[in-house]
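1. Here is the input, now give the coordinates:
(chains A and B)
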Amino acid sequence: MFIGQDITRVDALDKVLGTAAFAHDLKNNTMLFACVVRSSRPHAMIRKIDASAALALDGVVKVLSHKDIPGENLFGAIKKDQPFLAEGRVRYKGEAILVVVGVTEEIARKASGLVEIEYEDLEYISDPFLSMRSAILIHDGGNLLSHRKVIKGDAGKGFESSDVVVENTYSTTWIDHAYMETEAGIGYTDERGHIVVASSTQNIHYKMKEIARLLAIPPEQVRVVQATTGGGFGGKLDVTVEGYIALAVYHTKRPVVMRYTREESFLGHTKRHPLYIEYKTGAGKDGNLTAVEVNIIGDTGPYISYGETVCLRAAVHATGPYEVPNVLVNSRMFYTNNPVSGAMRGFGVPQLALAHESQLDEIAERIGMDPLDIRMKNALKRGSLTATSQVLHHSAGLLETLKGIEPFWRARRKQGPGSGFGLGCMYYGIGNTGISNPSSCYLTFTPEGRVEMHSGVCDIGQGSDTVLLQILCDALGMEEMGIDLVRGDTDTSLDAGSTSASRQTYISGMAVCNAAQKMREYLEGQGYYSGKPLKDICREAAEKGLPVFKGHFDPPTTAPDPETSQGAPYATYAFATHMTEVHVDEVTGVCKAVKVHAAHDVGRAINVSNVKGQIYGGVAMGVGLALMEEFIPGKTESFDNYYLPTSMDMPEVEAIVVEDREPTGPFGAKGVGEPALIPQAAAIVNAIKDATGVRMRQLPCDIERLKLALEKNKIK
Amino acid sequence: MLPKFASVIAKTREEALSWLSSLENPRIIAGGTDLMVKMRAGKQYSHVIDVAGVPELLTMTETDGRLSVGSAMTHARLSTSEPIIRNARSLALACGLVGSPQIRNMGTIGGNLANASPAADSIPPLLIHDAVLVLESKETRRRVPLEEVIVAPYVTSIDRKELLGSVEINPLRGYREGYRRVAKRATWAISRLGVAFAIKEDKGRFTDVKLAIGSCTPMPFRPKKVEDLLKGAEKNEAIITEAIRMALEEIKLISGIRPSYAYKLPVLKGILEEVLRG
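-> Next up, the predicted model:
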């Protein structure tokens, strides 16, 4: 049995020894260095580009513009709308305009500073409210990217029959992924003439296709390899360095390396969407929720990236994990000239959790009910209908997570003034929203008698390599881990889809199970389970060619109704409850998260340490989201003025693993990556209310905002 | 990326002073925690003269009741130094809060002063200890009070040819002394506000009060009028309220009204209340 065991991660030793090769470690002295010249303006027409001084610099090999792109200049995960290199117009500060290739990093960077660009400024659309009114269109189709609705029952009638209605607005800001490793990669042409790119990425097959489009060559002539990756959190789903590396290799015919500086990473890459949320909640005196009406307005920046995904996912999760009979959600995303907002751990759901969890606490306060009791009363459970009227047929362990927290909640005692406790709950659909998002893999044998798993899954530090191996061992009924892993390479694997949406354990895990089932039947026939050694089976099989067993899984979902979003957008959901104890210093406005209990229904913990690791990391990110992280366009440049929590800001975390097994998942597993983050900020904000009487509705709740709110409250 | 420069390692004070006098555009480096950041941002020098290992700059001596601290002593050393903890507790506390462990292990008291940031943690404690800086060049040697050395944010009156050799401070014994600071996170953060204090009380009266406030005005300062008001005064809420009012007035007089004061002044009020009430 490998499932449920604390198997040491397969990447642990290399990382501990420092021998794991991250993208930039793959460079050598023969490689050219490429860097990007970026727009210094948020919105402008490019009138003139003078690269002569850059080209005149000794050691500069090429300066590439959009004119040097042989194929399509536009890329995008959902729709192709973002230029690799700007054509005549820039729409955000930091947009890529040129690629400068030099013999060293020093030369390339120096040369990029010598490029002179003349701009003619256009009106800077600085927020979505300006965007919706402005006559200036960021794209010809208008400034509204997307409008999604969730309509269930009759919200108006629901409010009429409510005993108590609470209505508030909430807002959140841009968050940087702040992965330890900035965007980096290398590229070269191999002996077949194929373009090879090895990079820090969350998805290899998608990037292979984008490079093929960019260079107008068949995807089979592009190979993308995932280097050991130092974090992604959604920020390495979009094409980052890969396109520029491929373009530079294409033109120079020489190997090329790229690595963003931290400043460039802050400036150039995607952010978490700032959302403005108007939220109205109705309930009966008994605490039963009667209606929810939510109006979400998001700043998606100038290009789509994952904006539509966030728009829809935020909408369908807007009620939180509760049974609400009447729901009306309007979720709209507007283009602006701020940074491109894209995918980041939770796709809009952490922002909504702040709102629905604050609302629920306020309802509880109004009717004199305990915050835990009101959550238990409304919790989604087996047989419940979600906001999209999906029936939860299987795993739905929210109540179990609440029960896991209950003893700590009931026993809580304030440690003097400034001490407070808060709860946060969440549910999260595993996999992409209402669209096909399959994963494939294949298994074979080595002539020496080992099983070989070919996986296209990008392990970005969350531990999927180990988890998939554990699943495979158990699915094959192996007693020891006799498996070779061939991974993260488009030449040797099938498309497993992106490492995003908390989907790899569930979806790719099922693809592995599917392949394993076929291999198991074969092994059965060969007598493996009656004692014939695998070595012998493989030696005999090798003579006629080793068999290949393909696995595939696509979670059953239905497309959301275009008007009401009703349907079953996800095959399964994860659930969680966090309880956070804070201490607020009312003199300084400093809030410290002291202790967190985090209960997560993961279906089945394939690797308990991995699950707990995700929970600790999620809590850490939640602390940053709640208390300090804020990217301010035009101002934030680096970690000098972007405050990321340190280990000294971390609470003690006790993870409680709840296993309500999901029959459609591998050995009952669902996912935990994003859920680990989602309820934490909400729990902190509720705890601050408990500690101080002040309700914070704007994130981050940093020392200055909190102090000002405390002062205001004093005057009141 | 760093601009091109040469570096020399001084073994003695004399050597450092000779280089300072002979080189074209030199700069002293000790820990480099500020200097390297500035150079990476484009600041250019022909040479950096590394004094981190100069023995004369790494010593601490006591003469005539004054304590002399070598300028190349690191924050980490000062924060755990027994004579500092005994004679200048606020300085030990402040040095223990600078940046991060890495910065405290590299950064020095001399560098913190020469950089002259409005938010330098070591400056308010040094102000309440009437710090005097010993500045030497090949030809001259002068002793200048800290208040006079810092002339504007990040600007000092230290000559290009001068080396900050040591900092002399008045020990304070029998005082309730400390350093309170506020930052945006638990560690690795620049102070948003820092208050050094040393208070002596006897039979319900303030017999002596020394205060210095950092990260609030262009340069950390001592509200001397407030200190005078409190000296000898009966300790009660009325005098504390008046003292705080005066301190806040003085800040507004120095800097006018700044957007950050919406946060800083109420916080300072709260900290001064706590500090004065004791």
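2. Quickly note the distance from residue A:151 to residue A:341.
-> Distance of residue A:151 to residue A:341, given as C-beta to C-beta, to the nearest Å: 25 Å. Using the backbone N, CA and C atoms, a C-beta is placed for each residue, glycine as well.
3. Same check on residue A:372?
-> 34 Å.
4. So which of the two has more stuff around it?
-> Applying other C-beta atoms under 10 Å in any protein chain shown to residue A:372 and residue A:341 shows that residue A:341 carries more neighbours, namely 28 against 19.
5. Skipping its backbone neighbours, what lies nearest the more buried one in space?
-> Nearest residue to residue A:341 in three dimensions, chain neighbours excluded: residue A:273, at 4.1 Å (C-beta to C-beta, 6 or more residues apart in numbering or on different chains).
6. show me what contacts the one you found?
-> Going by C-beta atoms under 8 Å, 6 or more residues apart in numbering or on different chains, residue A:273 touches A:172, A:174, A:298-300, A:307, A:310, A:333, A:341, A:344, A:348, A:351.
7. swap in residue A:336?
-> A:125-128, A:130-131, A:138, A:299-302.
8. closest to chain B among these?
-> residue A:126 (18.7 Å; C-beta to the nearest C-beta).
9. follow-up on the earlier one: okay, and which of the contacts of residue A:273 map to helices?
-> A:307, A:310, A:351 (DSSP state H).
10. Out of those residues, which end up buried?
-> Among these, those classed as buried by 16 or more other C-beta atoms under 10 Å in any protein chain shown are A:307, A:310, A:351.
11. Apart from its neighbours in sequence, what residue is nearest the second one?
-> In other words, residue A:310. In space, residue A:310 is closest to residue A:348, 4.0 Å off (C-beta to C-beta, 6+ apart).
12. How many residues are close by the closest residue to residue B:227 other than its chain neighbours?
-> Setting aside the residues directly before and after it, residue B:227 is nearest to residue B:209 in space (C-beta to C-beta, 6+ apart), at 5.1 Å. Applying other C-beta under 10 Å, we find 26 residues neighbouring residue B:209.
13. how about low-confidence regions in chain A?
-> Of all residues in chain A, none has pLDDT under 70.
14. what does it have sitting close to chain B?
-> A:105-106, A:109-110, A:586-590, A:592, A:628, A:643, A:645-646, A:648-649, A:702-704, A:707-708, A:711 (C-beta under 8 Å from any C-beta of the partner chain).
15. can you count the residues close to the residue nearest to residue B:147 when sequence neighbours are not counted?
-> Leaving out its chain neighbours, the residue that sits closest to residue B:147 by C-beta to C-beta, 6+ apart is residue B:127, at 7.0 Å. A total of 25 residues lie near residue B:127 under the criterion other C-beta under 10 Å.
16. which outside residues touch the helix or strand encompassing residue B:127?
-> Element membership of residue B:127 [criterion: DSSP states H and E] is helix B:123-128. If you take C-beta under 8 Å, 6+ apart as the criterion, helix B:123-128 is touched by B:88, B:90-91, B:93-94, B:112-113, B:116, B:146-147, B:150, B:167, B:169, B:172, B:177, B:179, B:194-198, B:210-214, B:219-222.
17. do that again at 7 Å, thanks
-> B:88, B:90-91, B:94, B:146, B:167, B:169, B:179, B:194-196, B:198, B:210-214, B:220, B:222 (C-beta atoms under 7 Å, 6 or more residues apart in numbering or on different chains).
18. Tell me where chain B has strands.
-> Using DSSP state E, the strands of chain B run over B:6-9, B:26-29, B:47-50, B:60-63, B:66-70, B:132-136, B:141-145, B:150-152, B:155-156, B:163-169, B:176-183, B:191-202, B:205-214.
19. export those to CSV and tack on mean pLDDT?
-> Output for those, formatted as CSV (pLDDT from 0 to 100):
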stretch, mean pLDDT
strand B:6-9, 97
strand B:26-29, 97
strand B:47-50, 98
strand B:60-63, 93
strand B:66-70, 97
strand B:132-136, 98
strand B:141-145, 97
strand B:150-152, 96
strand B:155-156, 97
strand B:163-169, 98
strand B:176-183, 97
strand B:191-202, 97
strand B:205-214, 98
